[in-house]
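Undergrad: A structural model of the following input is requested.
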Amino acid sequence: MWRKGMYESGHNQGMKSQHLEIAWFAALCDDDYEQLGVVNESLRSSWAHCADIVRTADVRGFDSVLLPSGYELGIDAVAMASALATVTSSIHLLTAVRIGENWPPALARQLATVAHLAPGRLNINIISSDLAGETLESSPRYQRTAEAMAILRDLLDGRPSHSDGDFYSFDVVPPRIATGPRPPLYFGGLSTAARDVAARYADVYLMWPDTMENVAEIIRDMRERAASYGRELRFGYRVHVVVRETEAAARAAANYLVAALDAEQGNAIRSRSLDAGSVGVARQSELREGADDDGYAEANLWTGIGRARSGCGAALVGSPAQILDKIEAYRELGIEAFIFSGYPHLEECERFADLVLSQLTHAPLY
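TA: Now for the predicted structure:
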């Protein structure tokens with residue numbers, strides 16, 4: 001169990017064998033509330049509000065920040081990353097890109113430009129999306145994603161791409177500004193097709209919240225899949241957090257977060273997302289349905305937050321000691337990168353930095 005000083009940063013202290021990457025979340029997709037479902041105009045996605053979150057995470061010592069992307073919601077992540085590159089100093093910009101909406105060579109030039117503006121600070125979160133207004137079956141959609149990822153790997157590393165696939169067939173040289181080394185590709189998905197794409201082309205396989213048992217099984221499976229292609233993966237975990245000085249206070253804060261939410265509002269919020277029918281989202285629903293009467297799927301893993309979110313639908317809830325213990329348990333399973341978020345995102349960024357981040361030894365994976 002946790003004891004004082006166990007996780008304190010220092011030359012010879014910190015979590016056991018390797019550094020962790022600790023990221024925060026920039027609410028670019030109109031996903032910031034004091035209470036879920038209650039719109040506060042001051043928390044809507046805008047340059048001023050989202051840049052405040054990112055700059056705060058930068059100065060408070062987070063390693064990276066996820067810039068999410070949704071077609072109908074909020075702000076374009078790549079454009080935002082370009083602007084944020086000029087007003088941040090050390091934080092990595094984990095920029096989400098929606099593959100179905102982009103021509104890979106053009107996307108490579110955009111991303112290379114961000115990398116030019118923030119040298120060594122661009123990470124890329126690949127989303128296997130549809131084209132807006134289009135619905136492609138899962139198998140061909142992931143085939144398109146696989147082809148695009150292979151092209152991006154070449155072009156962003158400064159190499160020509162020779163593509164002869166189902167969706168892209170061309171020989172193209174890299175844009176001049178793409179000189180490498182290639183930014184790492186983060187990617188997630190639970191379907192068989194998604195897992196295969198990750199095993200072949202991702203650098204970091206991202207997971208949404210799940211029980212410890214299921215997280216361990218997913219890691220085992222993905223290691224085997226990657227090994228079959230002669231590759232190794234690193235693993236990341238995207239989860240919300242509600243941390244307070246005591247467990248009772250954290251649980252009360254979690255309950256307050258959903259106190260104004262009714263079932264109809266929750267359904268409407270969840271249905272706005274274009275990934276609402278995915279295998280990963282279905283698993284988040286299963287996790288919530290299997291939770292206890294208070295919404296906990298296991299100790300300190302609360303699913304109530306998923307009542308108003310389509311994607312990542314659970315939170316770590318507890319005292320600093322409990323959150324640190326949970327992080328350590330995930331680390332022992334093989335998780336190296338954590339992407340946290342909390343509501344409201346600016347206030348929770350500060351609180352998490354004070355109560356948890358200050359006691360972790362951490363650094364970017366790449």
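
Undergrad: CA atoms only for stretch 127-134, dumped as CSV, please.
TA: What follows is stretch 127-134, C-alpha atoms only, in CSV (Å, rounded to 0.1, in the frame of the first residue of the first chain):
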residue,chain,number,x,y,z
ILE,A,127,-8.6,8.0,-35.0
SER,A,128,-10.1,5.5,-37.5
SER,A,129,-12.9,7.9,-38.4
ASP,A,130,-15.4,8.1,-41.2
LEU,A,131,-15.5,11.0,-43.6
ALA,A,132,-18.1,13.4,-42.3
GLY,A,133,-21.4,12.4,-43.8
GLU,A,134,-20.1,8.9,-44.7
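
Undergrad: Please state the offset of it from the chain centre?
TA: Distance of stretch 127-134 from the chain centroid (C-alpha atoms, centre = their mean, to the nearest Å) equals 18 Å.

Undergrad: pLDDT on it, on average?
TA: Averaging pLDDT along stretch 127-134 gives 89.

Undergrad: Tell me the buried residues in that stretch?
TA: Within stretch 127-134, the residues that count as buried by 16 or more other C-beta atoms under 10 Å are 127-130. Quick note: C-beta positions are derived from backbone N, CA and C, even for glycine.

Undergrad: who's in contact with L73?
TA: Residues near L73 by C-beta atoms under 8 Å, 6 or more residues apart in numbering: 29-31, 45, 272.

Undergrad: Narrow those to just the buried residues.
TA: By 16+ other C-beta under 10 Å, the contacts of L73 give 29-31, 45 as buried.

Undergrad: Return the member of these nearest to L155.
TA: C29 (27.0 Å; C-beta to C-beta).

Undergrad: which stretches of the stretch 201-350 of the chain form strands?
TA: 204-207, 234-243, 296-298, 301-302, 315-318, 335-341 (DSSP state E, counting those that start in this stretch).

Undergrad: The ones you listed: which one's closest to A146?
TA: That would be strand 204-207 among the strands of the stretch 201-350 of the chain, by C-beta to C-beta, at 14.3 Å.

Undergrad: Which strands and helices lie in contact with the closest one?
TA: Packing partners of strand 204-207 (3 or more C-beta pairs under 8 Å, 6 or more residues apart in numbering; DSSP states H and E): strand 185-188, helix 212-228, strand 234-243, strand 335-341.

Undergrad: and those as TSV, adding mean pLDDT, distance to F167 and mean neighbour count?
TA: As requested, the helices and strands packed on strand 204-207 are exported to TSV (pLDDT from 0 to 100; distance: least, C-beta to C-beta, whole Å; neighbours: other C-beta atoms under 10 Å):
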stretch	mean pLDDT	distance to F167	mean neighbour count
strand 185-188	98	17	24
helix 212-228	98	22	15
strand 234-243	98	27	24
strand 335-341	98	29	23
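
Undergrad: Quick check: which of those is nearest to G304?
TA: So among the helices and strands packed on strand 204-207, strand 234-243 is nearest, using C-beta to C-beta, at 9.7 Å.

Undergrad: strands paired with the closest one, and their directions?
TA: strand 204-207 (parallel), strand 315-318 (parallel), strand 335-341 (parallel) (DSSP bridges).

Undergrad: is it possible to export those to CSV including distance to V242?
TA: Output for the strands paired with strand 234-243, formatted as CSV (distance: least, C-beta to C-beta, whole Å):
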stretch, distance to V242
strand 204-207, 19
strand 315-318, 5
strand 335-341, 10
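
Undergrad: Quick one: residues contacting the nearest residue to L316 once chain neighbours are set aside.
TA: In space, and not counting its chain neighbours, L316 is closest to V241: 4.8 Å by C-beta to C-beta, 6 or more residues apart in numbering. V241 sits next to 315-317, 323, 340-342, 348, 352, 356 when contact means C-beta under 8 Å, 6+ apart.

Undergrad: Enumerate the beta-bridge partners assigned to the spatially closest residue to I305 that is not a sequence neighbour.
TA: Leaving aside its sequence neighbours, I305 sits nearest to A315 (C-beta to C-beta, 6+ apart; 4.8 Å). Counting by DSSP bridges, A315 forms beta bridges with H240, W302.

Undergrad: sorry, back to before: now the two most distant members of the buried residues of stretch 127-134.
TA: I127 and D130 (10.0 Å).
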